[in-house]
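Visitor: whatever this is, show me its structure:
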Amino acid sequence: MRRTFSLMIATIALGAPALYAQEVSRYDFTVFGGGAFTSSQTISNPLGNVQVGFKPGFAAGATFGQQLYKYIGGEIRYTYQKQDMKLTGNSQEATFAGNSQAIHYDILIHATPRNAHVRPYVAVGGGVKYFSGTGDESSVQPLSDVAVLTRTSQWLGMVSFGGGVKVALSHGITFRVDVHDYLTSFPKEVIAPAPSSSVSGWLNNLVPVAGITFTF
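Guide: Okay, the predicted model is just below:
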């Protein structure tokens, strides 16, 4: 019995590297494109409340991922979004060109193992988002007594939630669709409230995209 037990221990010890080798990381690279939609906020002002936000736009980017275990993966994700800023209220509207860039790390939890043909998943993570106003500033801007759309930029911390599905097309190539929700505080340096104005709360930025993943 003792000899058998010792043999079992030795077999497990010798086999552990092989078992681990089956679970070693594989890597993937994804390119994607889609839409960008951001919730609006209300700027409170004694002269009247104004809705402030971003027009619907487009998104594009890439991920570099690591398949860690059977159901778990992780990835670095970069997303560029083209969304112009806008103010609406008091029968007036102001718009200003703008964009944002987000970079973050997500943990992906899949519902099926990594060799499955279809892999639904959820993602959660965090990173930073860079807001930038790129339009031409004017000395006369509608609703400037409430807020000003500026040619400035601002970094903000970001929380990321998402989910999607991966469908294998062939060995090493996967079609992927997902939706992410990027949560940040309001970018008060890019959209600057007037001294008598106030705005607070989180911005919800929904980014539905589709892409192609290459695994190596």
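Visitor: what helix or strand is the nearest residue to G211 once chain neighbours are set aside located in?
Guide: Excluding its sequence neighbours, the residue lying closest to G211 (Cβ to Cβ, 6 or more residues apart in numbering) is F32, at 2.9 Å. Where C-beta positions appear, they are placed from N, C-alpha and C, glycine not excepted. Following DSSP states H and E, one finds F32 within strand 26-38.
Visitor: report the separation between the residue nearest to G211 and F216.
Guide: 18 Å (Cβ to Cβ, to the nearest Å).
Visitor: just E93 next, same as before
Guide: E93 sits 49 Å away from F216, going by Cβ to Cβ.
Visitor: ok, those two, which is more surrounded?
Guide: E93 (13 against 7; other Cβ atoms under 10 Å).
Visitor: after the helix or strand hosting that one, which helix or strand is next?
Guide: In this assignment (DSSP H and E), E93 forms part of strand 92-96. Next in sequence after strand 92-96, counting helices and strands by DSSP H and E, comes strand 98-110.
Visitor: now the helices for the chain?
Guide: Ranges of helices in the chain, per DSSP state H, are 2-23.
Visitor: re earlier: ok, the residue nearest to G211 - contacts?
Guide: Each residue near F32 by Cβ atoms under 8 Å, 6 or more residues apart in numbering is listed here: A60, G61, A62, T63, R176, V209, A210, G211, I212.
Visitor: need the strands for this protein, in chain order.
Guide: 26-38, 41-43, 50-54, 57-67, 72-82, 85-89, 92-96, 98-110, 118-133, 147-149, 153-170, 173-185, 191-193, 202-215 (DSSP state E).
Visitor: of all the ones you listed, which lies closest to S139?
Guide: Closest to S139 of these is strand 147-149 (Cβ to Cβ; 11.0 Å).
Visitor: Y182 and A102 touch, don't they?
Guide: Yes: contact criterion Cβ atoms under 8 Å: Y182 and A102 qualify, at 5.8 Å.
Visitor: and the two most separated of the contacts of F32?
Guide: Across the contacts of F32 (Cβ to Cβ), the longest gap, 14.1 Å, separates A60 and R176.
Visitor: which one of those two has more residues nearby?
Guide: Neighbour totals were compared for A60 and R176, and R176 leads with 19 against 16 (other Cβ under 10 Å).
Visitor: tabulate the strands of the chain (TSV), appending distance to S139.
Guide: Converted to TSV, the strands of the chain look like this (distance: least, Cβ to Cβ, whole Å):
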stretch	distance to S139
strand 26-38	27
strand 41-43	21
strand 50-54	20
strand 57-67	27
strand 72-82	26
strand 85-89	16
strand 92-96	13
strand 98-110	19
strand 118-133	16
strand 147-149	11
strand 153-170	21
strand 173-185	29
strand 191-193	15
strand 202-215	28
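Visitor: coming back round to it: out of the contacts of F32, who's the most crowded?
Guide: V209 (23 neighbours).
Visitor: got a pLDDT number for it?
Guide: Listed pLDDT for V209 reads 98.
Visitor: which strand residues bridge it?
Guide: G34, D178 (DSSP bridges).
Visitor: now swap in F96 and tell me
Guide: With DSSP bridges as the rule, F96 is bridged to M85.
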